[in-house]
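Trainee: quick one: sequence plus predicted model below, questions after.
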Amino acid sequence: MKRHITIFFISLFILTTIYSFGQTEKIKLQVDSLKYLRGDPFECNSLTWRIILNKKDAIQALIDKLDDTTITSAKVKCKKTNLTVGDIAYLTLKRILPLPFFAVTGVQCDVIENGCQLGVFEYIERNRVKFKGQVQTYFDKKKNNLKWRQLDSNHLTPCYIKNNIKGQYE
């Protein structure tokens, strides 16, 4: 009987380890695929939404990509040039974990024009490695106290609804 219980727990441990590794590897592959995005990276059927569905499990993989300067064919209205992989990682990460720019960087970018926070992409472009470290530090301080909260109807866009994403961490 003891032997069966021991075998059961060893099997359970192995399966959990394999699943965890597999899940982490799947997320890493998804994040690595950001370089292939074109047009709007947040169209409702985009890879970015599948990454967001991984919630907390995707955060570190996205942080790891923040300094990736690979140019993509993706665009958003708030940046004049095509997005880099790091830019897409940042925008995706913000949909999982709000990143108050001043709290993360100490730099105030609170002027909003045409729905765009002025200076954010310029700061990131000039300070990619530093920014990655700042986001990592911010996340390391917050990660043990993250709480999932439901988004109100004003923040639930059709893409959030279509992809069954109803909240984000606070």
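Mentor: Yep, that arrived. Numbering: from 1, shown residues only.
Trainee: can you give me the helices in this structure?
Mentor: Using DSSP state H, the helices of the chain run over residues 2-32, 47-52, 56-64, 85-96, 101-105, 120-126, 128-142, 158-162.
Trainee: of all those helices, which one is nearest Gln168?
Mentor: For the helices of the chain, proximity to Gln168 was assessed by C-beta to C-beta; helix 85-96 is nearest, at 5.9 Å. (Glycine included, C-beta is placed from N, CA and C.)
Trainee: who are the packing partners of that closest one?
Mentor: Judged by 3 or more C-beta pairs under 8 Å, 6 or more residues apart in numbering; DSSP states H and E, helix 85-96 is in contact with helix 47-52, helix 56-64, helix 120-126, helix 128-142, strand 167-169.
Trainee: which residues are contacting that helix?
Mentor: 31, 34-35, 37, 41-42, 48, 51-52, 55-56, 58-59, 62-63, 65-70, 72, 74, 76, 79, 83, 99, 121, 124, 128, 132, 135, 165, 168-169 (C-beta atoms under 8 Å, 6 or more residues apart in numbering).
Trainee: and with 6 Å instead?
Mentor: Applying C-beta atoms under 6 Å, 6 or more residues apart in numbering, the contact partners of helix 85-96 are 34-35, 41, 48, 51-52, 62, 65-68, 70, 168.
Trainee: same deal with stretch 52-62?
Mentor: With contact meaning C-beta under 6 Å, 6+ apart, stretch 52-62 is reached by Ile27, Lys28, Val31, Ile51, Ala89, Thr92, Leu93, Arg95, Ile96, Ile165.
Trainee: quick check: the farthest pair among those residues?
Mentor: Lys28 and Ile165 (20.3 Å).
Trainee: pass me the low-pLDDT residue ranges in this structure, would you?
Mentor: Along the chain, the parts satisfying pLDDT under 70 run over 1-22.
Trainee: name the nearest residue to Asn82, sequence neighbours excluded.
Mentor: Ile71 (5.4 Å; C-beta to C-beta, 6 or more residues apart in numbering).
Trainee: quickly list what that neighbour is bridged to.
Mentor: Note on Ile71: beta-bridge partners by DSSP bridges are Thr84.
Trainee: let me know the closest of the contacts of stretch 52-62 to Asn114.
Mentor: Arg95 (20.0 Å).
Trainee: about what we covered before: make a markdown table out of the helices and strands packed on helix 85-96 and add mean neighbour count and distance to Gly106.
Mentor: A markdown table is the format used below for those (neighbours: other C-beta atoms under 10 Å; distance: least, C-beta to C-beta, whole Å):
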| stretch | mean neighbour count | distance to Gly106 |
| --- | --- | --- |
| helix 47-52 | 20 | 27 |
| helix 56-64 | 19 | 18 |
| helix 120-126 | 16 | 11 |
| helix 128-142 | 16 | 8 |
| strand 167-169 | 17 | 22 |
